[in-house]
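Colleague: sequence and predicted structure, then a few things I'm wondering about:
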Amino acid sequence: METDCLFCKIAAGDIPADKLYEDDEILAFRDIAPQAPVHFLIIPKKHIENPAAVGSEDEKLMGRMLRRGAAIAEENGAQDFRLVFNSGAEAGQTVFHIHMHVLGGRSMQWPPG
Ligand code: 5GP
Ligand code: ZN
């Protein structure tokens with residue numbers, strides 16, 4: 001737990017969120033500024049800054065995030081969906097606690113801007 005980290009505070013329950021799934025390792029909650037009809041975030045409760053900081057000990061955790069994201073997307077009616085990790089400010093990362101965006105419910109363009 002990093003005391004000045006927004007997503008650590010959400011993981012600890014100190015800041016409210018619209019939660020979709022929670023267990024002892026991961027948490028899924030709706031994005032406060034949705035960019036698609038389905039837009040939620042999956043985070044590990046463990047503080048990891050971004051994908052560049054993922055260690056070999058975190059590989060199973062990352063796999064769990066991916067599988068859970070796919071399951072929740074389907075539960076929310078998004079058969080097709082996009083998973084996004086922004087790693088670093090230039091890539092668009094604004095919250096420096098790793099999070100996987102799950103976006104669905106509309107058609108997507110490629111490449112992203
Ligand atoms: P990033 O730009 O770092 O990839 O994504 C951060 C995401 O967190 C953004 O989509 C933003 O809307 C979302 N976000 C920022 N603050 C909060 C918050 O307090 N609650 C929730 N639910 N989402 C947040
Ligand atoms: Zn954190």
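Modeller: Right, received. Where do you want to start? Numbers count the residues shown, from 1 in each chain. Ligands and ions are numbered 1, 2, ... in the order given.

Colleague: going forward, measure contacts and count neighbours with C-alpha atoms only.
Modeller: Will do.

Colleague: next structured bit after the biggest helix by length in the chain?
Modeller: When the chain is parsed with DSSP state H, its longest helix is helix 59-75. Later in the chain than helix 59-75, the nearest helix or strand by DSSP states H and E is strand 81-84.

Colleague: quick check, that following strand touching ligand 1?
Modeller: No. Strand 81-84 is not in contact with ligand 1 by CA under 6 Å from any ligand atom; minimum separation 7.7 Å.

Colleague: return the distance of that strand from the chain's centre.
Modeller: Offset of strand 81-84 from its chain centre (CA atoms, centre = their mean, to the nearest Å): 10 Å.

Colleague: quickly run through the sheet partners of it, with directions.
Modeller: strand 100-104 (antiparallel) (DSSP bridges).

Colleague: that older thread, just the buried positions in the longest helix of the chain, please.
Modeller: For helix 59-75, burial by neighbour count (16 or more other CA atoms under 10 Å) applies to 61, 62, 64, 65, 68, 69, 70, 72, 73.

Colleague: between strand 100-104 and it, find me the angle.
Modeller: 20 degrees (axes from the mean of the first three to the mean of the last three CA atoms, to 10 degrees).

Colleague: now helix 59-75, how far from the centre of its chain.
Modeller: In terms of CA atoms, centre = their mean, the centre of helix 59-75 is found 10 Å from the chain centre.

Colleague: using PDB, write down the CA coordinates of it.
Modeller: Extracted in PDB, the C-alpha atoms of helix 59-75 (Å, rounded to 0.1, in the frame of the first residue of the first chain):
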ATOM      1  CA  GLU A  59       3.000 -13.300 -14.000                       C
ATOM      2  CA  LYS A  60       0.200 -15.400 -12.600                       C
ATOM      3  CA  LEU A  61      -1.400 -12.200 -11.200                       C
ATOM      4  CA  MET A  62      -1.300 -10.600 -14.600                       C
ATOM      5  CA  GLY A  63      -2.900 -13.700 -16.100                       C
ATOM      6  CA  ARG A  64      -5.700 -13.600 -13.500                       C
ATOM      7  CA  MET A  65      -6.400 -10.000 -14.400                       C
ATOM      8  CA  LEU A  66      -6.700 -10.800 -18.100                       C
ATOM      9  CA  ARG A  67      -9.000 -13.800 -17.600                       C
ATOM     10  CA  ARG A  68     -11.200 -12.000 -15.100                       C
ATOM     11  CA  GLY A  69     -11.400  -9.000 -17.400                       C
ATOM     12  CA  ALA A  70     -12.600 -11.200 -20.300                       C
ATOM     13  CA  ALA A  71     -15.200 -12.800 -18.000                       C
ATOM     14  CA  ILE A  72     -16.600  -9.500 -16.700                       C
ATOM     15  CA  ALA A  73     -16.700  -8.100 -20.200                       C
ATOM     16  CA  GLU A  74     -18.900 -11.000 -21.300                       C
ATOM     17  CA  GLU A  75     -21.100 -10.700 -18.200                       C
END
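
Colleague: done for today, thanks.
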